[in-house]
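**Q** here is a sequence with its predicted model. Questions after.
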Amino acid sequence: MSLVMTSGPALEPVSLAEAKAHLRVDGTAEDALIQSLIVTSRLHIEAALGLALITQSWSYFLDRWPKAGRLVLPLRPVAAISHVRVWSEEGAAETLALSHFLLDGHGMPPRLVALSGALPLAPGRVANGIEVAFSAGFGAAPTDVPATIRHALLLLVAHWYEHREPVEIGVGVNAVPAMVADLLAPYRRRRL
């Protein structure tokens, strides 16, 4: 299984101006640093929670269909499925009709369910024989991202802005503030 980003977010959940206001920075000398901290903070939150914040496009490749007739998608929330393709042994791709599937895009985890109960067409290709292309994210605008996530992102930017020194293994570390984890807690996947 592999997950490939095909189109990244058009903008970040918080703007440079918002981050600078939060940090109380007036000049432009550190704009590049602050912008990189915004991107790094978004990537950190997305990876930690299995989220896509701003709408982005992905392709999820699988070797074979899961047995239960439900394909769990690795990111959430999933807004739409673009296409589902299955490759033959000869390398020809067949695009399946999306009407054969039901998308539960806001589930935890999101999933693609075969309406007939059985997933169609076993792939002929040994590896990455199935591709599910989808878009994920809360929306295209920063205001579509929940306010608690946006605030956690600003707190993370501020934390990394204030703690720029490299970390030496075995020496005390400036941990990510607990309030960031608290703000993000409702978005964590629960495992039983």
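**A** Noted; the coordinates are in hand.

**Q** name the residues of stretch 121-137 that come out as buried.
**A** Buried residues in stretch 121-137, defined by neighbour count with 16 or more other CB atoms under 10 Å: 123, 125, 128-137. (Glycine included, C-beta is placed from N, CA and C.)

**Q** point out where this protein drops to low pLDDT.
**A** 117-118, 166-174, 190-192 (pLDDT under 70).

**Q** any idea which element residue 189 lies in?
**A** Assigned by DSSP states H and E, residue 189 falls within no helix or strand.

**Q** now residue 148
**A** Using DSSP H and E, residue 148 sits within helix 147-162.

**Q** tell me the domain boundaries of the protein?
**A** 2-53+141-187, 56-136 (automatic domain parsing).

**Q** quick one: the first one to chain centroid distance?
**A** Translated: domain 2-53+141-187. 14 Å (CA atoms, centre = their mean, to the nearest Å).

**Q** could you do the shortest one as well?
**A** In this view, domain 56-136 has its centroid 17 Å away from the chain centroid, taken as CA atoms, centre = their mean.

**Q** and which of the buried residues of stretch 121-137 is nearest to residue 112?
**A** residue 132 (6.4 Å; CB to CB).

**Q** elements contacting the helix or strand containing that closest one?
**A** Per DSSP H and E: residue 132 is located in strand 130-136. On a contact count with 3 or more CB pairs under 8 Å, 6 or more residues apart in numbering; DSSP states H and E, strand 130-136 meets strand 56-62, strand 78-87.

**Q** between strand 56-62 and the last one, find me the angle.
**A** Orientation check (axes from the mean of the first three to the mean of the last three CA atoms, to 10 degrees): strand 78-87 against strand 56-62 gives 40 degrees.

**Q** for the following helix or strand past strand 78-87, buried residues please.
**A** Note on strand 78-87: by DSSP H and E, the next helix or strand toward the C-terminus is strand 93-96. Neighbour counts over strand 93-96 (16+ other CB under 10 Å) mark residue 96 as buried.

**Q** partner strands of strand 93-96 and their direction?
**A** Here strand 93-96 has these sheet partners by DSSP bridges: strand 78-87 (antiparallel).

**Q** got the angle for the strand it pairs with vs strand 130-136?
**A** 160 degrees.

**Q** could I have the CA atoms of strand 78-87 written out in PDB?
**A** Extracted C-alpha coordinates of strand 78-87, given in PDB (Å, rounded to 0.1, in the frame of the first residue of the first chain):
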ATOM      1  CA  VAL A  78     -12.500  12.400   2.500                       C
ATOM      2  CA  ALA A  79     -14.600  14.800   0.300                       C
ATOM      3  CA  ALA A  80     -14.900  12.800  -2.900                       C
ATOM      4  CA  ILE A  81     -13.600   9.800  -4.800                       C
ATOM      5  CA  SER A  82     -12.200  10.900  -8.200                       C
ATOM      6  CA  HIS A  83     -11.800   7.400  -9.700                       C
ATOM      7  CA  VAL A  84     -11.100   3.800  -8.800                       C
ATOM      8  CA  ARG A  85      -8.800   1.900 -11.200                       C
ATOM      9  CA  VAL A  86      -7.800  -1.700 -11.400                       C
ATOM     10  CA  TRP A  87      -4.800  -2.900 -13.500                       C
END
